[in-house]
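Enquirer: Make a model of this:
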Amino acid sequence: MIAKFFQASKIALIIIMAMWSASSFAQVKKKKYIVNGYVGGYRGLVNADEIDAAKLTHINYAFVNVKDSMAFLTNLKTDSTNFRKLNELKKINPDLKIIPSIGGWSWSENFSDAVLTPSSRKKFAKSSVDIVREYKLDGVDIDWEYPGMRGEEGNVYRPEDKQNFTMMFEEIRAELDKLSAETGKKYLLTAAVGGSKSFVNNTEMDKVGKILDYILIMTYDYGGRNVSHHTNLYPSKGQEGGSSAHQSVVDFMAAGVPSNKIGLGAAFYSRSREATTTDQNGLLQASVSGSKAVAGQGGGYTKMKDEFIDQKGYKRYWDKAAQAPYLFNPENKVFLTYDDERSIQKKAKYIKKNKLAGIFFWEYFNDPKEYLLTEIDRVLP
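Expert: Prediction:
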């Protein structure tokens, strides 16, 4: 009798656990739009338990280095652990895709050499996909900053980058197709691209757009000689023709990229500018020459919201034309530019209206309280 009781209890427990598991999966509603968050693994171990997997469709793991014409895991021990932990998030959201992002601002200096010849491109493509194969990941993301342009000081770049950029993706796609034949699974190929017209001019986006699944336009880090926004949806009044997310989307679509492959970028961090005057609360004023990360920089959005917005001498303003917020402190003339819940709403509306693929953001842990991710989850089904 006791043995039968325990056997029945065990069966009941298994059924309950199965029902709980099915219920957990059912709570993660499949999204119509992509919500892609970059997670920085370059710092070391990622606390995957703090990632709200149910609100994401993709995680781009930043970054994989480029060395000797190969995709290279510089921090093998922590990278491999991070891949395992991120893959475990699929227990919460089985549709979640984990994709290693190769390059980034600091690790793009060797791209031009890595894809210069047919043999080097094949070597690079194979090594990229070997990482996907070994760690059971879901595709490859390329963040080359930038083909045909310097990017970070010391980067190698050459005119041939324009065609080699395209051929690099052709090689990676061919390697991913081989992997698909092995596993029966579809793998994604994506790219983070600069939002400038010069990026479009230095690439063949019409051809690239046919190869890639998604093109993530980095509609942030805009800048200029004057104090202005860094992640604005539209230009400010008086700055028509200036940098904006809308202009970037227009440029890429004009170059032949389909709207349904475009991801719009959101910044989970602020940038600071130092104005020479308090006129117009710093907006569009001349910036202090050579000023870098000036005192008062807000940092990530959680810190911005909790410590800076309408605090410490900073007052919040809304630029109606740009559809973007900013802070200004008249005492130190520091201007802080960032995304907030309202600008996220505007970007979501823009994504829906223009039938874009969805949204992505840098970087997940810049907003640990999830103020912005919660808003994205609310406004993008």
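
Enquirer: so who does the closest residue in space to residue 64 that isn't next to it in sequence touch?
Expert: Once flanking residues are discounted, residue 64 sits nearest to residue 102: 4.4 Å by Cβ to Cβ, 6 or more residues apart in numbering. All C-beta atoms are positioned from the backbone trio N, CA, C, and that covers glycine. Taking Cβ atoms under 8 Å, 6 or more residues apart in numbering, we find residue 102 in contact with 63-66, 71, 128, 140-143.

Enquirer: Closest to residue 207 out of these?
Expert: Using Cβ to Cβ, residue 142 is the member of the contacts of residue 102 that sits closest to residue 207, with 14.5 Å.

Enquirer: Please, which helix or strand holds the closest one?
Expert: Element membership for residue 142, per DSSP states H and E: strand 139-143.

Enquirer: The helix or strand that that strand is followed by: which residues count as buried?
Expert: Using DSSP H and E, the helix or strand that follows strand 139-143 in sequence is helix 161-183. The neighbour-count check on helix 161-183 (16 or more other Cβ atoms under 10 Å) flags 161, 164-169, 171-173, 175-176, 179 as buried.

Enquirer: could you dump stretch 186-206 to CSV, C-alpha only?
Expert: Extracted in CSV, the C-alpha atoms of stretch 186-206 (Å, rounded to 0.1, in the frame of the first residue of the first chain):
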residue,chain,number,x,y,z
LYS,A,186,16.7,27.7,-39.4
TYR,A,187,19.4,30.1,-38.3
LEU,A,188,19.3,33.9,-38.4
LEU,A,189,21.8,36.2,-40.0
THR,A,190,21.5,39.9,-38.9
ALA,A,191,23.6,43.0,-38.8
ALA,A,192,23.8,46.1,-36.7
VAL,A,193,24.5,49.0,-39.1
GLY,A,194,25.4,52.7,-38.7
GLY,A,195,22.6,55.1,-39.1
SER,A,196,24.5,57.5,-41.3
LYS,A,197,24.1,58.1,-45.1
SER,A,198,27.8,57.4,-45.4
PHE,A,199,27.3,53.9,-44.1
VAL,A,200,24.7,53.4,-46.9
ASN,A,201,27.1,54.9,-49.5
ASN,A,202,29.9,52.5,-48.4
THR,A,203,27.8,49.3,-48.7
GLU,A,204,25.5,47.5,-51.1
MET,A,205,22.4,47.5,-48.9
ASP,A,206,20.2,46.4,-51.7
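
Enquirer: quick one, what contacts the nearest residue to residue 109 once chain neighbours are set aside?
Expert: Sequence neighbours aside, residue 155 is the residue nearest to residue 109 in space, at 4.4 Å (criterion: Cβ to Cβ, 6+ apart). For residue 155, the contact set (Cβ under 8 Å, 6+ apart) comprises 108-109, 112, 145.

Enquirer: out of the residues you listed, which one sits closest to residue 237?
Expert: residue 145 (30.4 Å).

Enquirer: hey, which strand is longest across the chain?
Expert: If you go by DSSP state E, the chain has its longest strand at strand 58-67.
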